[in-house]
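A.B. asks: Structure for the following, please:
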Amino acid sequence: MFPLLLAFIALAGYTLASAWFLRHPWVLHRRKRLAFQARHISHRGGAGERIENTMEAFQHAAECGTDMLELDCCLTRDGEVVVSHDTTLERQAGLEIRIRDVDYKDLPPYQERLEVTFYSGQLSTGTDRQIPRLEEVFQNFPTLPINVEIKENDPQLIRKVSELVKRYKREQITVWATESDDIMRQCHRENALMPWSFTMHRVLCLLLAYCTGILPFLPLGETCLECPMSSIVGRYYMPRTGPLSFPLLPQILDWLLTRRSLIKHLVERGIQVYFWTLNEESDYRRAFLIGATGVMTDFPSKLRTFLDQNPDLGPRQENSG
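C.D. replies: The predicted structure is shown next:
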C-alpha cells in the first residue's frame, strides 16, 4: 500500500505542477519577443482574389493591410529563387515540367484561371500571370513580414533564400517554414537569426507533450505555430472511403489542435499561433475566439473587413518594437 500511496502522491504533485506552470509559463521560460505581430496573413498572397504568388496578389494584400505575406519558393535551372507553391508547372501553367529544369527567362505564365486550393470550386484570376523572383518581393515590400515556406530539400535553395534575407536586412521579419524536420534543421543552421515555425512532426510532439503534461517544462525554439484548423480539412479534404475516412478523425484532430489552454500557454510564451487556411467569417471568428493570434486566408479583403468590424477579437500579443 505504501508504494501505491507514494506513486499517487507523486502523480498528483506532477499533475498539479503541470497545470500550474501551464497557466504561468513565464516562471520557467523567458517570453519570446518577435519584431512583428501578424493577425492578418495572406496565403500565397491572397490566392482567392488574385492569381496566387504573383506581384499583383502581394500588392493587393498589402493594400488590404495584411500583416504578413505567406509564400513558397523554388529554384530555377539558372539559380534564381522564384515564388511558386508547386515544384512543377503542371497545375499552374499546364505543362509537365519541373521549375528546376527551366531558366527563369523561359518560365511560362500562369494559366488565366486557377482553382483556389482551400476553397473548392472558387477560381481566381488577374492581370499578372508572371512567376516572380523572391528578390522582387523583398524589394517591393521591404518592411512587410514574410513567411517563406521551403518545400524541397535543396541546400542551394536554402542558402540563396538566406543570402537574400541578409542582403535586404530582413532577418527579424522573415520566417522559415517547412513541413520537414530535416529541411528546418538546414534552414536554422543556415540562418539562425530568422524566426522559425513548427514542422508537422514537431506539432505532433507538441500535442503529445500537452496531453501528457510535459509541455510546461519543455523549452521551445520555435516562434510560430502554423497549423490547420482540422474542421476545415475534414470539411473539404477527408476521403469518403479508406482508413482516413473514420468519421471521428477530424473531430479528434480538431479537439487537440484547438485547445484554448494550449494556445494560451503558447501565446504567453511569445509564440504566435496561426490557423490556415480559413476563408469563411465563421472560421475567422472561431479561430480568434479560441485564442489564435493570426489567421491565414486566401481572401485578404474579406479578412480585413472582418477584422475592422471586430477589432477586439483575439488576444493581444506584445511586440518587441
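A.B. asks: State the number of residues packed around the nearest residue to Cys64 once chain neighbours are set aside.
C.D. replies: In space, not counting the residues next to it along the chain, Cys64 is nearest to Pro300; the distance is 4.1 Å by Cβ to Cβ, 6 or more residues apart in numbering. C-beta here means a position set from N, CA and C on the backbone, and glycine is covered the same way. A count of neighbours around Pro300, defined by other Cβ atoms under 10 Å, yields 27.
A.B. asks: Same question for the one 10 residues further on.
C.D. replies: Asn310 has 13 neighbours, counted by other Cβ under 10 Å.
A.B. asks: Could I get the contacting residues of it?
C.D. replies: If a contact means Cβ atoms under 8 Å, 6 or more residues apart in numbering, then Asn310 has Arg285, Phe288 as its contacts.
A.B. asks: Quick check: pLDDT value at it.
C.D. replies: pLDDT recorded at Asn310 is 94.
A.B. asks: in the stretch 201-321 of the chain, what spans have low per-residue confidence?
C.D. replies: Per-residue confidence for the stretch 201-321 of the chain (pLDDT under 70) gives these ranges: 230-250, 314-321.
A.B. asks: What would the host helix or strand of Ser162 look like as PDB? C-alpha coordinates only.
C.D. replies: Here Ser162 sits within helix 155-167, counting by DSSP states H and E. In PDB, the C-alpha atoms belonging to helix 155-167 read as follows (Å, rounded to 0.1, in the frame of the first residue of the first chain):
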ATOM      1  CA  PRO A 155      20.800  23.200 -49.700                       C
ATOM      2  CA  GLN A 156      21.400  25.700 -52.600                       C
ATOM      3  CA  LEU A 157      17.800  27.000 -52.400                       C
ATOM      4  CA  ILE A 158      18.100  27.400 -48.600                       C
ATOM      5  CA  ARG A 159      21.400  29.200 -48.900                       C
ATOM      6  CA  LYS A 160      20.200  31.600 -51.600                       C
ATOM      7  CA  VAL A 161      17.000  32.400 -49.600                       C
ATOM      8  CA  SER A 162      19.200  33.200 -46.600                       C
ATOM      9  CA  GLU A 163      21.500  35.300 -48.600                       C
ATOM     10  CA  LEU A 164      18.600  37.400 -49.900                       C
ATOM     11  CA  VAL A 165      17.200  37.800 -46.400                       C
ATOM     12  CA  LYS A 166      20.600  39.000 -45.200                       C
ATOM     13  CA  ARG A 167      21.100  41.300 -48.200                       C
END
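A.B. asks: Figure out how far the following helix or strand past that helix is from the centre of its chain.
C.D. replies: Scanning the chain past helix 155-167 towards its C-terminal end, the next helix or strand to appear is strand 174-177 (assignment: DSSP H and E). Between the centre of strand 174-177 and the centre of its chain there are 9 Å (Cα atoms, centre = their mean, to the nearest Å).
A.B. asks: For strand 174-177, which outside residues touch it?
C.D. replies: 68, 70, 145-150, 165, 184, 187-188, 191, 194-197, 223-224, 226.
A.B. asks: which ones among these are found in strands?
C.D. replies: Judged by DSSP state E, strands contain the following of these: Met68, Glu70, Ile146, Asn147, Val148, Glu149, Ile150, Cys224, Glu226.
A.B. asks: Give me the below-cutoff pLDDT ranges for the stretch 1-150 of the chain.
C.D. replies: Applying pLDDT under 70 to the stretch 1-150 of the chain picks out residues 1.
A.B. asks: And the helices in it?
C.D. replies: Using DSSP state H, counting those that start in this stretch, the helices assigned to the stretch 1-150 of the chain run over residues 2-23, 55-63, 90-93, 134-140.
A.B. asks: related to what we said a few turns ago, I figured the residue nearest to Cys64 hits Arg39, correct?
C.D. replies: No - shown here, Pro300 and Arg39 do not form a contact pair, counting by Cβ atoms under 8 Å, at 11.9 Å.
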